[in-house]
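S.K.: sequence unknown, structure follows:
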């Protein structure tokens, strides 16, 4: 069914029966179930439906993960710095214990995780390592987050104090759900917010950052700056038109690639679109290694509310329930 395929692409592995029958004819749902393409199943105490192949994959994954957990061969490690996560994991493992680490596990889908379980060497530990503040990747499932929420295995937290720069502190604040109150002053210009009153002013301020402020403070030419545009902000042509020389790299803020620039300019519209979440904004801030500017027309109050109340878009998945059932920690799924 197209609805369930679209939901899967958006990360969901299951949909409430009520929603599906509201959007699709009931006889079409019944036909898909009779044909074996769709499965009706329980979810959170109510009726639900899922793509049959995906439902079976999620159930097999839960069985494999639960078996590893029963043998103390499964862990989740979270934290903002990959090196700190690795140190935390190494300290927790017995000496000489082999370990397969899935880095950037916020991107791990049901299929990815199932392959990792199947390919895991005998007696090795499987560790999901992630910065849980980052947005989930494309594809069905929220495996690492569900695994951490299930409580079936250890969850190691590699907490470290933020670095001395304002940018480091701003990232930590946003990850924790707080909009930073301070910004660059004196020699520390690593983090700057630029309020604007109109799109035209936003264009002028972006051009000023690209041609003057960032090159002067950091020695980074416009061609090496990443400009990340939130939905409803400027168009790419507005950023590059009127600039001399090689233009900057302009990409959407939502779905920003796993790429880093020495300097990043994030441009936000006057009001927050549905695609703008705390996780998306945090990912954009992580993309700048030396400097991040946020050009926005939202106002501090709206940004504070956005960061406090919007993490990542929730996904409907069954893995937590399936893990509880497979590990004997929950009721039978009947």
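M.R.: Alright, I've got the coordinates. Given the structure is predicted, the values throughout are model-derived calculations rather than measurements.
S.K.: Leaving out the residues flanking it, which one is nearest to the residue nearest the centre of the chain?
M.R.: The chain has residue 135 as the residue nearest its centroid, 1.2 Å off, counting by Cα atoms, centre = their mean. Spatial nearest neighbour of residue 135, excluding adjacent residues (Cβ to Cβ, 6 or more residues apart in numbering): residue 279 at 3.9 Å. The C-beta positions use only the backbone N, C-alpha and C, and glycine is treated the same way.
S.K.: Number of residues surrounding the one you found?
M.R.: By the criterion of other Cβ atoms under 10 Å, residue 279 has 22 neighbours.
S.K.: try residue 115
M.R.: 13.
S.K.: Assign a three-state SS to it, would you?
M.R.: With DSSP: H, G, I helix; E, B strand; the rest coil as the basis, residue 115 sits in helix.
S.K.: ok, now how distant is it from residue 102?
M.R.: To residue 102, residue 115 is 10 Å away according to Cβ to Cβ, to the nearest Å.
S.K.: I'd say residue 321 and residue 43 touch.
M.R.: Yes - if you go by Cβ atoms under 8 Å, residue 321 and residue 43 touch, sitting 7.1 Å apart.
S.K.: returning to that earlier point: so who does the residue nearest to residue 135 touch?
M.R.: Residues near residue 279 by Cβ atoms under 8 Å, 6 or more residues apart in numbering: 133, 134, 135, 136, 311, 312.
S.K.: Per the annotation, how does this protein divide into domains?
M.R.: Domain ranges of the chain: 1-160+314-334, 166-298, per automatic domain parsing.
S.K.: Parallel or antiparallel, which strands does the one helix or strand residue 193 maps to pair with?
M.R.: Following DSSP states H and E, one finds residue 193 within strand 191-195. According to DSSP bridges, strand 191-195 forms sheet pairs with strand 288-296 (parallel).
S.K.: in the partner strand, what's buried?
M.R.: Within strand 288-296, the residues that qualify as buried are 288, 290, 291, 292, 293, 294, 295, 296, counting by 16 or more other Cβ atoms under 10 Å.
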